[in-house]
Each structure stands twice: as structure tokens, then as C-alpha cells.
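S.K.: below: sequence and its predicted model.
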Amino acid sequence: MKLTADANKFGPFAFMAAVLMTAAMVSAEEDVVTIRQADMKAMAAAAKTISGMFKASTTYKASEFKWAADTIRDRSGGVLSAHFASAADSRQSKAGPNILEERDRFDRIANDLRDYAVALDAAAQKNPGPMTASMRMKPGEAMGSGPFGTHVRNEDELSTMAAEHAFHLMLQTCTTCHTRFRME
């Protein structure tokens, strides 16, 4: 805030108010960055939990699988989009400036992430015992939404997909977002 002759007549109070307002804005921005970084770490840990269960299916526990899926679901979609609602000009942030320019694309990716997590939650509910063959990908099944994979936009298709396939699509969604919207 630039002090003008009018502001000077209020003396140190106007200056102090300007300093406090600036500090509050910087603090709020850094808080959002801290919160979203914590959410990203929680989602990464949840994905690692699910990955471990697919690597060693004997470690599958429906309640832990569901908890991990719900962790991702609760931090994606609109919650994730809201974390990036304004330009983050914080030194802590690795968010690219193009998020605001490509808002619709970013929001679609955030919602896709949520949809895949919802599908994983449903799989855990359907499979309360050991990991079943229906949760696993079939040999030769395409892994993702790249040139050889499938991008699921249909809720019915997603609900019939193997959980492992939904998981790979979810990971690919994370990679797509980081590639497009994260600065190195």
C-alpha cells in the first residue's frame, strides 16, 4: 500500500493497518498452499496404500482400501479445485500459472480423480473379504487413458470396471495433472 498525504494524517495507525492487511493476505495464501500440499501428501500416501494391496493381494483389507479411496475422494473434485481458486504466487507453491487459464480442464481432472476414488470405494464395499479376481485387471487390458487406454466418462462403465483398472486410471489422472499444471 502506497501512503498518500491523506494516509499520512492518520500516522502510524494507517501504516500499521496496511502492514497487517498485507501480512494477513500473504499468510492466507501460504495457508492455502500448506493445506493443499498436506492434501496432496495424504492422497499420495493413500495411493501408496492401495498400490501395496494390488502388489501383494494377501495384504488387502477392505477397510484400509476404503479408507485410502475415501481419503482421495475427500480431497479431490471440488475440494481440490477450491485449493487452486486463485493464483498462488507463493515461493512454496509448485502450482503452474496456467491453472487459472485452463480452469475447466483442471476442474475436469480434479473431478475425474474423485470419480475414480468413488469407484475404488465401491469396490471395497463390494469386496469385504479377500481381494477377489474381479478387482484385478484382466491380462491384456489397457491400463490408462493414453493412446492405448480408456478414459471413462460413463458412470456405468466405471462401476463395472475392475478396481485395479480404475486405480491405474486414477494414477494416470494424477500424472496428467502434474505434467500439465505443476512447475518443476
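M.R.: All right, it came through fine.

S.K.: give me the most central residue, the chain.
M.R.: Note on the chain: the residue nearest the mean C-alpha position is Ser76, at 4.3 Å, using CA atoms, centre = their mean.

S.K.: gap between it and Ala123?
M.R.: Look at Ser76 and Ala123: by CB to CB, to the nearest Å, they are 17 Å apart. Every C-beta, even on glycine, is put in place using the N, C-alpha and C of the backbone.

S.K.: so where is the protein shaky, pLDDT-wise?
M.R.: 1-30, 87-91, 140-153 (pLDDT under 70).

S.K.: just to revisit the earlier point, can you pull the contacts of the residue nearest to the centre of the chain?
M.R.: By CB atoms under 8 Å, 6 or more residues apart in numbering, the contact set of Ser76 is Met43, Ala110, Asn111, Leu113, Arg114, Ala117.

S.K.: state the pair within the residues you listed that is farthest apart.
M.R.: The widest separation within these, taken as CB to CB, falls between Met43 and Asn111 and amounts to 14.5 Å.

S.K.: more crowded one of these two?
M.R.: Met43 (22 against 16; other CB atoms under 10 Å).

S.K.: ok, and the closest non-adjacent residue to the more buried one?
M.R.: Closest residue in space to Met43, ignoring its immediate chain neighbours: Ile72 at 5.0 Å, by CB to CB, 6 or more residues apart in numbering.

S.K.: show me the contacts for the one you found.
M.R.: Residues counted as contacts of Ile72 (CB under 8 Å, 6+ apart) are Met43, Ala46, Ala47, Leu113, Arg114, Tyr116, Ala117, Leu120, Met170.

S.K.: on the three-state scheme, it is what?
M.R.: Classification of Ile72 by DSSP: H, G, I helix; E, B strand; the rest coil places it in helix.

S.K.: ok, back up a step: gap between the residue nearest to the centre of the chain and Glu155?
M.R.: Taking CB to CB as the measure, Ser76 falls 16 Å from Glu155.

S.K.: ditto for Ala38
M.R.: Remark: distance between Ala38 and Glu155 (CB to CB) = 30 Å.

S.K.: repeat for Lys48
M.R.: Distance, Lys48 to Glu155, by CB to CB: 27 Å.

S.K.: quick one on the thing from earlier: need the contacts of Ser76 in TSV with secondary structure, can you?
M.R.: TSV is the format used below for those (three-state DSSP):
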residue	secondary structure
Met43	helix
Ala110	helix
Asn111	helix
Leu113	helix
Arg114	helix
Ala117	helix
